[in-house]
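[1] The following comprises the amino acid sequence and a computationally predicted model.
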Amino acid sequence: MSGGGLQAVFMAQRPALLRFLRARGAGEEAEDLLQDLWLKLEGGPPAVPVAEPLAYLYRAADNLMLDRRRSAVRRIAREDAWGEAVDGAEPGVSDTPSAERVLAGRDELRRVQAALDALGERTSAIFRRHRVDGIGQRDIATESGISLSAVEKHLQKAYRALAMLKADSENPEQRDAG
């Protein structure tokens, strides 16, 4: 079955898929999971023909939910490990950075801000909204009135600039020789 046929089955079975996900424990995330499934279907037809489209949709929805749960479990474990590492600091050792590290950090922040500002106002703003404010790319595209692809290109531009800045700071002799 083609991607368009799967989309038609999806639309016809959307309420049942929503109930299925909620019954499997997705709760409030069920709508988000269905949106992810829809976006996957819009991305094009599966690599192989689908003989049982309804079974395919249920399996895909279940897989998306399981992937999201695994991701959440990994995130919680990571946060717990971080908390234990911070709580388990050596007694008598301060976690407050030295004055030297504070100055170095401020200097690096100024260089990062200058590199971002050099990319232009829009690229800088998109990078900050995504990385600092934690806004999703799709939301940034909507509020900026540009395509998702354009947001991705602005972010790639910023990431390249920051990678070059990092490479320069790690290899100052190359910078001085040039």
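    In hand now; what should we look at? Small disclaimer: the values here were computed from a predicted structure and weren't measured. Residues are numbered from 1 along each chain as shown.

[2] Could you check how far the spatially most central residue of the chain is from residue 53?
    Residue closest to the average C-alpha location in the chain (CA atoms, centre = their mean): residue 136, at 7.3 Å. Counting by CB to CB, to the nearest Å, the gap from residue 136 to residue 53 is 29 Å. Where C-beta positions appear, they are placed from N, C-alpha and C, glycine not excepted.

[3] again with residue 21
    Taking CB to CB, one finds residue 21 at 17 Å from residue 53.

[4] rewinding a little: where's the residue nearest to the centre of the chain relative to residue 149, distance?
    15 Å.

[5] cool, residue 8 as well?
    According to CB to CB, residue 8 stands 27 Å off from residue 149.

[6] which residues are in contact with whichever strand or helix holds residue 162?
    Take DSSP states H and E as the rule and residue 162 turns out to sit in helix 148-170. Helix 148-170 is contacted from outside by 108, 111-112, 115-116, 118-119, 122-124, 126-127, 130, 137-138, 140-141, 144, 174-175, using CB atoms under 8 Å, 6 or more residues apart in numbering.

[7] So which bits of that helix are buried?
    151, 154, 155, 157, 158, 161, 162, 165 (16 or more other CB atoms under 10 Å).

[8] Helix 148-170 and the helix or strand hosting residue 115, what's the angle between them?
    Using DSSP H and E, residue 115 falls within helix 99-118. Using axes from the mean of the first three to the mean of the last three CA atoms, to 10 degrees, the direction of helix 99-118 lies 140 degrees away from that of helix 148-170.

[9] so residue 22 touches residue 31, yeah?
    No: here residue 22 lies out of contact with residue 31, judged by CB atoms under 8 Å, at a distance of 9.5 Å.

[10] tell me what the longest helix that the chain contains is packed against?
    Criterion DSSP state H: the longest helix present in the chain is helix 53-87. Other elements packing on helix 53-87 under the criterion 3 or more CB pairs under 8 Å, 6 or more residues apart in numbering; DSSP states H and E are helix 3-23, helix 30-42.

[11] Where does the prediction get shaky in the chain?
    Under the criterion pLDDT under 70, the flagged ranges of the chain are 1-3, 85-94, 172-178.

[12] The same query, at a cut-off of 90, please.
    1-6, 25-28, 41-50, 80-99, 132, 165-178 (pLDDT under 90).

[13] domain parsing for it?
    Domain ranges of the chain: 3-87, 99-171, per automatic domain parsing.

[14] ok, so what distance separates residue 13 from residue 43?
    19 Å.

[15] Looking at those two now, which is surrounded by more residues?
    Legend: neighbour count by other CB atoms under 10 Å for residue 13 and residue 43, higher for residue 13 (16 against 9).
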